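1. give me coordinates for this.
(one chain, ligands or ions: 1)
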Amino acid sequence: MKDLHNREIKSLRISITPQCNLNCFYCHKEGHNIDNNKLMTPKEIGEIVKYSLKYGINKIKISGGEPLLRSDLPEIIRNIKNLKNNQIKDISLTTNGILLEKYAQKLKDAGLDRVNVSLDTLDPELYKKITGGNVELVKRGIEKAVEVGLKPIKINFVVMSNTVGGLNDIMDYCRKMGVILQIIEFMPVDEKLKKYHYDINKIEEEISKKSDKTMVRKFMQNRKKYLVDGLEIEFVRPMDNTEFCSHCTRIRLTYDGLLKPCLLRDDNLVDVLTPLRNGEDINKCFIKCIDRRELYFKE
Ligand code: SAM
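-> Now for the predicted structure:
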């Protein structure tokens, strides 16, 4: 199905918990006092995904909070994988990697295709300062993901004024590990974080000069990809980006069962979990969500 701006709907990003085992200073936390009754069960998640197939969804991204904190994650993945008439081409996970070493094999066995691992710096002290965690655990998680074949593996690197200095190290590391580097623009969630914003256009210009090949991800917000000495680099720039909006094919589902038409808005969500629990037809929720999709940034 297309929305009112002629955009196909292809991808569903599901947050399965608001809880996290890190405490990144820049994160727009979804709320930590969670009511377990509000969490979608693996069966409910499978059911919602089943309906989404009708509207063209063929890619699922599982996220959070930290998704690996849910011990039923393999069941969630299996429920999605085993749906009838399954057109899902890709089930991926975004994780901070802290628990990945332990769970990578189980996730692969459950049917997970690939992972994105967030890593803003390789410097143990700076990592601790940004997240409160231990970067060695993340590196071990990435190694394990490579070993079990959860690929292509992508590293999510958020560029901020305090992480940009580590860009070359991260590029070398990704090249060595055979993983893709995803360079993400920092979105300041409040006024006092604005000082950390760094314009990634400058980085993109440099990278494009060095690049051997440039590609565009047509169904993923027209994101540009570059190949530099064998390393694939992708840019994610949602801020003030009309291209990002006009090529967006993604809707989202919050951990408490609300469909979210746009990454950048929280005022137009559609409750799908309550109608599902009441035994109602939830097609109308998808239609309402898709109808509410607007262009956040316009020409
Ligand atoms: N816990 C998981 C993780 O760390 O990947 C999934 C949730 S986390 C919110 C998803 C991604 O959003 C991470 O790569 C994180 O770095 C990024 N992120 C969080 N806050 C951000 C912000 N203000 N600007 C840009 N990216 C952000």
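
2. residues contacting E234?
-> Applying CB atoms under 8 Å, 6 or more residues apart in numbering to E234 gives the contacts 154, 180-183, 217, 223-226. Bear in mind the C-beta positions are built from the backbone N, C-alpha and C, glycine included.

3. lowest-confidence entry in these?
-> Ranked by pLDDT, the contacts of E234 bottom out at R217 (66).

4. kindly report the residues of the stretch 101-250 of the chain close to the ligand.
-> Listed as neighbours of the ligand in the stretch 101-250 of the chain under the rule CB under 6 Å from any ligand atom: 118, 156, 158, 184, 186-187, 189.

5. and if we set it to 5 Å?
-> 118, 156, 158, 186-187 (CB under 5 Å from any ligand atom).

6. ok so, going back, which members of the contacts of E234 occur in strands, if any?
-> Mapping these onto strands (DSSP state E) picks out 154, 180-183, 217, 223-226.

7. can those go into JSON lines with extra columns for distance to I14 and neighbour count?
-> Below are these laid out as JSON lines (distance: CB to CB, whole Å; neighbours: other CB atoms under 10 Å):
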{"residue": "K154", "distance to I14": "18", "neighbour count": "20"}
{"residue": "I180", "distance to I14": "22", "neighbour count": "18"}
{"residue": "L181", "distance to I14": "24", "neighbour count": "24"}
{"residue": "Q182", "distance to I14": "19", "neighbour count": "21"}
{"residue": "I183", "distance to I14": "24", "neighbour count": "23"}
{"residue": "R217", "distance to I14": "20", "neighbour count": "12"}
{"residue": "R223", "distance to I14": "20", "neighbour count": "19"}
{"residue": "K224", "distance to I14": "26", "neighbour count": "18"}
{"residue": "K225", "distance to I14": "24", "neighbour count": "17"}
{"residue": "Y226", "distance to I14": "29", "neighbour count": "21"}
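
8. pick the one among these closest to Y103.
-> K154 (17.6 Å; CB to CB).

9. longest helix in this protein, by number of residues?
-> Counting residues, the longest helix found in the chain (DSSP state H) is helix 135-148.

10. before we move on, the earlier item: return the closest of the ones in strands among the contacts of E234 with respect to the ligand.
-> Q182 (8.3 Å; CB to the nearest ligand atom).

11. number of residues surrounding E232?
-> 19 (other CB atoms under 10 Å).

12. and it, what is it in contact with?
-> By CB under 8 Å, 6+ apart, the contact list for E232 reads 152, 180-181, 225-226.

13. rerun at 10 Å
-> The neighbours of E232, taking CB atoms under 10 Å, 6 or more residues apart in numbering as the test, are 152, 154, 174-175, 178-182, 213, 215, 225-226.

14. and for I9?
-> 1-3, 52, 55-58, 248-251, 261, 286, 289-290, 293 are the contacts of I9 under CB under 10 Å, 6+ apart.

15. got it, and R140?
-> 97-98, 100-102, 104, 134.

16. likewise for F235?
-> With CB under 10 Å, 6+ apart, F235 has these contacts: 159, 181-185, 200-201, 203-204, 207-208, 223-226.

17. distance check, I153 against N134.
-> Using CB to CB, to the nearest Å, one gets 20 Å for the distance from I153 to N134.

18. between those two, which one's more packed in?
-> I153 (19 against 14).

19. how about that one: what's its closest non-neighbour residue?
-> What sits nearest to I153 in space, not counting adjacent residues and going by CB to CB, 6 or more residues apart in numbering, is V179, at 4.2 Å.

20. gap between that neighbour and M171?
-> Taken as CB to CB, the span from V179 to M171 is 11 Å.

21. common neighbours of the two, please.
-> In contact with both V179 and M171: 155, 231, using CB under 10 Å, 6+ apart.

22. show me which of those two is the more surrounded one.
-> For V179 and M171, the more surrounded residue by other CB under 10 Å is V179, and the numbers stand at 23 against 19.

23. pretty sure the more buried one is touching V117, no?
-> Yes - the criterion here is CB atoms under 10 Å, and V179 meets it with V117 at 8.2 Å.

24. which neighbours do those two share?
-> Common neighbours of V179 and V117 (CB under 10 Å, 6+ apart) are 142, 145, 153-155.

25. next up, phi/psi of R252, please.
-> phi -130, psi 160 (degrees, to the nearest 10).
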